[in-house]
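# Make a model of this:
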Amino acid sequence: MRIAILADIHGNLPALEAVVADLQTQAPDLVYLAGDQINRCPWNNEVMDLIDAWQWPAIYGNHEWIVAHLGTEKTQFAGRDRFPSLWWTRENLSPNHLATVCALPAERRLDLDDGPAIRLLHGVRGDPFVGMLPEAADAVLAAYLEPMEESVVISAHTHRPLARRVGRWQLFNPGSVGMPYNGDPRGQYMLLQSSAQGWQPIFRQVDYDRGRVAVAYRESGFQAACGPMAELYLRTVETGEPWASDFAYWMRFQTDELKHDPGRAVAAYVQQHGPGNWAFQLG
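The predicted model follows:
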């Protein structure tokens, strides 16, 4: 048996289309989505249309959770000046797709005929905003994995492929379809092949026309709505480097004045940080 896991598409239709074409050459029996299907690229409705057409089971990631709760007391992502892409995404999603986003589960248990049961979630149990980093110590990862009764766990969120044995668990991350953070800008996903030794990962990388993303940013109105932050999202797509999330991390520690001045904040950030000198030090 062969299954495919896709994660962190982030509204990037050209990347998803390329991955779908590759999937057809690999012929998995089942496909599952591990969250963050939407936001940061402008094709959110088109991505959701494609997911609906294939009827792939999905879970929510932190971006679906935020979009579902914008305008409520459950989320701190209220300021349109600080979080324009989230608001743009919510306001441009069709009512049907927004309803789908709001109804997604946090996790899924995959009981499959030819291999051990799998726990699929976006981050860690109870928190889609926390990722299991490749550099984390076994003890840290084991604490996150302890609540899982399944011996195989798939977690996304970090945008970085991972296959690691941690105690009694096999831990996998499929990487990101639409915004990888491992220095490879190609669309990335994972196949799991059943074997006598359990699930064996096959990591796939698929090239696509990233120039379409810059054009769509302009033509959709996404770039105008998001301003300087759109530049960082586009850098992420083009380079496979974590500009988008690293900036968000850096912003946590800035003054309230700077947090509400995205243009000045982005300018200050790019002067200080980049490849080899990220604000969030990995490892």
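
# For the longest helix anywhere in the chain, C-alpha coordinates in PDB please.
As far as residue count goes, and with DSSP state H defining each element, the longest helix of the chain is helix 13-26. Extracted in PDB, the C-alpha atoms of helix 13-26 (Å, rounded to 0.1, in the frame of the first residue of the first chain):
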ATOM      1  CA  LEU A  13      -2.100  26.600  -6.900                       C
ATOM      2  CA  PRO A  14       0.900  26.100  -9.400                       C
ATOM      3  CA  ALA A  15       2.800  24.100  -6.800                       C
ATOM      4  CA  LEU A  16      -0.300  22.000  -6.000                       C
ATOM      5  CA  GLU A  17      -1.000  21.400  -9.700                       C
ATOM      6  CA  ALA A  18       2.600  20.200 -10.200                       C
ATOM      7  CA  VAL A  19       2.300  17.900  -7.200                       C
ATOM      8  CA  VAL A  20      -1.000  16.500  -8.500                       C
ATOM      9  CA  ALA A  21       0.700  15.700 -11.800                       C
ATOM     10  CA  ASP A  22       3.500  13.900 -10.000                       C
ATOM     11  CA  LEU A  23       1.000  12.000  -7.800                       C
ATOM     12  CA  GLN A  24      -0.600  10.600 -10.900                       C
ATOM     13  CA  THR A  25       2.800   9.100 -11.800                       C
ATOM     14  CA  GLN A  26       3.200   7.600  -8.300                       C
END
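
# So which bits of the helix or strand following that helix are buried?
Elements were assigned by DSSP states H and E; along the chain past helix 13-26, the next helix or strand is strand 30-33. Of all the residues in strand 30-33, those buried under the rule 16 or more other CB atoms under 10 Å are 31, 32, 33. Just so you know, the C-beta spots here come from the backbone N, C-alpha and C atoms, and that holds for glycine as well.

# Once you drop chain neighbours, what's closest to residue 119?
Beyond its immediate neighbours in the sequence, the residue positioned closest to residue 119 (CB to CB, 6 or more residues apart in numbering) is residue 150, lying 4.2 Å away.

# That neighbour: how many residues sit nearby?
Using other CB atoms under 10 Å, residue 150 has 17 other residues around it.

# Now do the SS call for it.
On the three-state scheme (DSSP: H, G, I helix; E, B strand; the rest coil), residue 150 is labelled coil.

# which residues does it contact?
109, 116, 117, 118, 119 (CB atoms under 8 Å, 6 or more residues apart in numbering).
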